[in-house]
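Enquirer: predicted model and sequence follow; I will ask about them next.
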2 protein chains.
Amino acid sequence: MWPKETINAGILIIGNEILSGQVQDVNLSFMATRLQEMGIRLKEARVVADVEDEIVTAVRALSSQMDYVFTTGGIGPTHDDITAASMAKAFERPLVCSLEALRRLYERYPSPRAPEALTRMTVMPAGATLIDNTVSAAPGFQIENVYVMAGIPAIMQAMFKNLMPTLRKGPHLHRREVVGAVVEGIIAQGLEDLDKAYPHVEIGSYPYWISETNHGVRIVIKGITENEVTSVESAVMALMDQYRAL
Amino acid sequence: MWPKETINAGILIIGNEILSGQVQDVNLSFMATRLQEMGIRLKEARVVADVEDEIVTAVRALSSQMDYVFTTGGIGPTHDDITAASMAKAFERPLVCSLEALRRLYERYPSPRAPEALTRMTVMPAGATLIDNTVSAAPGFQIENVYVMAGIPAIMQAMFKNLMPTLRKGPHLHRREVVGAVVEGIIAQGLEDLDKAYPHVEIGSYPYWISETNHGVRIVIKGITENEVTSVESAVMALMDQYRAL
């Protein structure tokens, strides 16, 4: 479906709390939805622990393969916040104190209750560009094609919205959805024929299963050309109608 | 925190629907929680699209690094279900029809409404072992150290529970949580000192931010030795008490 010149993105979620199951990640679906709206293809997401080697390996792999990489987590003031140092290592740059980040933090918290901890959030790889944090002031940063953001959803979302206007946009995707209480298998051949007939349209088939008597399938149709998407949508609806009675 | 002989696991989530944001993944946190309970360390999770090359690359990488790999998604009857074929390619095995899977499906659906589609769910790499599906009968399968499961949460959960008794267990983890409305930075130095004093205890600091006047931090303490975990818990509570008034 995606044309050759597609803008590809990767997401790197940094945090033991996700891998231990104590926190349900919501940042991935937030970014995935917005990237899709911008016509950027989210190609892969990874979740790694707060371990330097693992962060370095993952960010190097994603950075070399993607146009954009978005990371969340590990940029706070405590000992387990090792993302900035890991990014410096991954890109072989020294860690520096960002005076602009320091200025923003002191402007927001004129008499900080933990001055040293505050300054820890200003340490980042040399040459990084700040990402605005309109919630709690401590900025994220961009280094090469990697955007490093907070893990707290409210802050991450504010940061992501602030950087969105700076990203290149891809082609607009047309998207349709058809849901029906039919057995997925019964329309499988019809879907496959459509998939072959429309190579530039992506046809996703997502069964749902609520109970033995309440299950069916949701067909998601996506493509760059609206005409093609509409044609596939009509064909899928006809396919559903044909088998609904069975 | 984890001892040398730790059992490591990886998760591979296969599905365009997660990468496009149209579905919020819940399988990761389900498995993460149970792996933690079993003393198995979830080291990394990846999400890839329904694209053969990407599945093959990811499963090979995870399989070679981990003791166990758990995959979800892409084992249904439609054209976009390419997980079984991708696994066969990754492990260089031919695709065969599992007669036992076929038997189970015909036992459950004696007059299938889509016989050909039904048989598609019996195709898997040669030598694979079946994973029971008590919900809708179509089994998952295990090949080498990789467990291939459905993406529908109810079915995935049933499969995972069925295979849990077959997994090796790691050491039991003791886990405590201390939550307080203190500024994360103000206890950062105290936490770091504790982290150094107790190298076998993992101390995670997870700030929450509801509003300018309602924010604080949740400290999660984990370790193999209960005494050590209890000592750290007491120390963190004292640290919180010391700074709560500020």
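Expert: On my side now, so go ahead. Residues are numbered from 1 along each chain as shown, chains lettered A, B, ... in the order given.
Enquirer: wait, does stretch A:25-45 contact chain B?
Expert: Yes: on the criterion Cβ under 8 Å from any Cβ of the partner chain, stretch A:25-45 is in touch with chain B at A:25-26, A:28-36, A:42-45. In this view, the C-beta of every residue, glycine as well, is placed from N, C-alpha and C.
Enquirer: revised request: answer the last question for stretch A:173-183.
Expert: Yes: against chain B, stretch A:173-183 shows contacts by Cβ under 8 Å from any Cβ at A:V183.
Enquirer: now that stretch: average pLDDT?
Expert: Mean per-residue pLDDT for stretch A:173-183: 91.
Enquirer: now list the buried members of the residues of stretch A:25-45 next to chain B.
Expert: Listed as buried from the residues of stretch A:25-45 next to chain B are A:25, A:28-32, A:34-36, A:42-45; burial here means 16 or more other Cβ atoms under 10 Å in any protein chain shown.
Enquirer: same list (the residues you listed) but as JSON lines, adding secondary structure, pLDDT and distance to B:F160.
Expert: Listed next are these as JSON lines, based on DSSP: H, G, I helix; E, B strand; the rest coil; pLDDT from 0 to 100; distance: Cβ to Cβ, whole Å:
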{"residue": "A:D25", "secondary structure": "coil", "pLDDT": "94", "distance to B:F160": "18"}
{"residue": "A:L28", "secondary structure": "helix", "pLDDT": "97", "distance to B:F160": "21"}
{"residue": "A:S29", "secondary structure": "helix", "pLDDT": "95", "distance to B:F160": "21"}
{"residue": "A:F30", "secondary structure": "helix", "pLDDT": "97", "distance to B:F160": "26"}
{"residue": "A:M31", "secondary structure": "helix", "pLDDT": "98", "distance to B:F160": "27"}
{"residue": "A:A32", "secondary structure": "helix", "pLDDT": "96", "distance to B:F160": "24"}
{"residue": "A:R34", "secondary structure": "helix", "pLDDT": "96", "distance to B:F160": "31"}
{"residue": "A:L35", "secondary structure": "helix", "pLDDT": "96", "distance to B:F160": "29"}
{"residue": "A:Q36", "secondary structure": "helix", "pLDDT": "93", "distance to B:F160": "29"}
{"residue": "A:L42", "secondary structure": "strand", "pLDDT": "96", "distance to B:F160": "26"}
{"residue": "A:K43", "secondary structure": "strand", "pLDDT": "96", "distance to B:F160": "27"}
{"residue": "A:E44", "secondary structure": "strand", "pLDDT": "97", "distance to B:F160": "23"}
{"residue": "A:A45", "secondary structure": "strand", "pLDDT": "98", "distance to B:F160": "21"}
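Enquirer: surely A:A137 touches A:Y106?
Expert: No: counting by Cβ atoms under 8 Å, A:A137 does not reach A:Y106; the two are 9.3 Å apart.
Enquirer: tell me which stretches of chain A form strands.
Expert: Using DSSP state E, the strands of chain A run over A:8-14, A:41-48, A:68-72, A:95-97, A:123-125, A:129-131, A:140-143, A:146-149, A:174-180, A:201-211, A:214-223.
Enquirer: average pLDDT across the fourth one?
Expert: For strand A:95-97, the mean pLDDT works out to 92.
Enquirer: picking that back up, closest one to A:E5 out of the buried ones among the residues of stretch A:25-45 next to chain B, please.
Expert: A:K43 (14.2 Å; Cβ to Cβ).
Enquirer: my read is that that closest one contacts B:E54, right?
Expert: Yes: at 7.5 Å, A:K43 counts as touching B:E54 under the criterion of Cβ under 8 Å.
Enquirer: who touches both of those two?
Expert: Residues within reach of A:K43 and of B:E54 at once, by Cβ atoms under 8 Å, 6 or more residues apart in numbering or on different chains, are B:V48.
Enquirer: ok, back up a step: so which of the strands of chain A is the most surrounded?
Expert: Most buried of these, by mean neighbour count (mean count of other Cβ atoms under 10 Å in any protein chain shown): strand A:68-72, with a mean of 27.
Enquirer: in the longest helix along chain A, what's buried?
Expert: Ordering each helix of chain A by length in residues (DSSP state H) puts helix A:226-244 first. Using 16+ other Cβ under 10 Å as the test for burial, helix A:226-244 gives A:E228, A:V229, A:S231, A:V232, A:E233, A:A235, A:V236, A:L239, A:M240, A:Y243.
Enquirer: quick check: the closest residue to A:M38 other than its chain neighbours vs A:Y68, distance?
Expert: Closest residue in space to A:M38, ignoring its immediate chain neighbours: A:K169 at 5.1 Å, by Cβ to Cβ, 6 or more residues apart in numbering or on different chains. Note on A:K169: its distance to A:Y68, by Cβ to Cβ, to the nearest Å, is 12 Å.
Enquirer: buried set for the worst-scoring helix or strand of chain A on mean pLDDT?
Expert: When the helices and strands of chain A are scored by mean pLDDT, DSSP states H and E, helix A:115-120 comes last with a mean of 86. Within helix A:115-120, the residues that count as buried by 16+ other Cβ under 10 Å are A:A117, A:L118, A:T119, A:R120.
Enquirer: ok, of these, which one's closest to chain B?
Expert: Set against chain B, the nearest of the buried residues of helix A:115-120 by Cβ to the nearest Cβ is A:A117 (2.8 Å).
Enquirer: who's in contact with the residue lying closest to the closest one once chain neighbours are set aside?
Expert: Using Cβ to Cβ, 6+ apart and skipping residues adjacent in sequence, the residue nearest A:A117 is B:G185, 2.8 Å away. Going by Cβ under 8 Å, 6+ apart, B:G185 touches A:G76, A:P77, A:T78, A:P112, A:R113, A:A114, A:E116, A:A117, A:L118, A:R120, A:M121.
Enquirer: if we go to 6 Å?
Expert: Applying Cβ atoms under 6 Å, 6 or more residues apart in numbering or on different chains to B:G185 gives the contacts A:P77, A:A114, A:A117, A:L118.
Enquirer: and chain A, what are its domain boundaries?
Expert: With domains defined by automatic domain parsing, chain A comprises A:8-166, A:174-244.
Enquirer: so A:S63 sits against A:F70, correct?
Expert: No: between A:S63 and A:F70 there is no contact, the gap being 11.1 Å when judged by Cβ atoms under 6 Å.
Enquirer: poorly predicted segments of chain A, please.
Expert: Residue ranges of chain A with pLDDT under 70: A:245-246.
Enquirer: any figure for the gap between the residue nearest to A:I40 when sequence neighbours are not counted and chain B?
Expert: Counting by Cβ to Cβ, 6+ apart, A:I7 is the residue found nearest to A:I40 once chain neighbours are left out, at 4.7 Å. Distance of A:I7 to chain B, computed by Cβ to the nearest Cβ, to the nearest Å: 14 Å.
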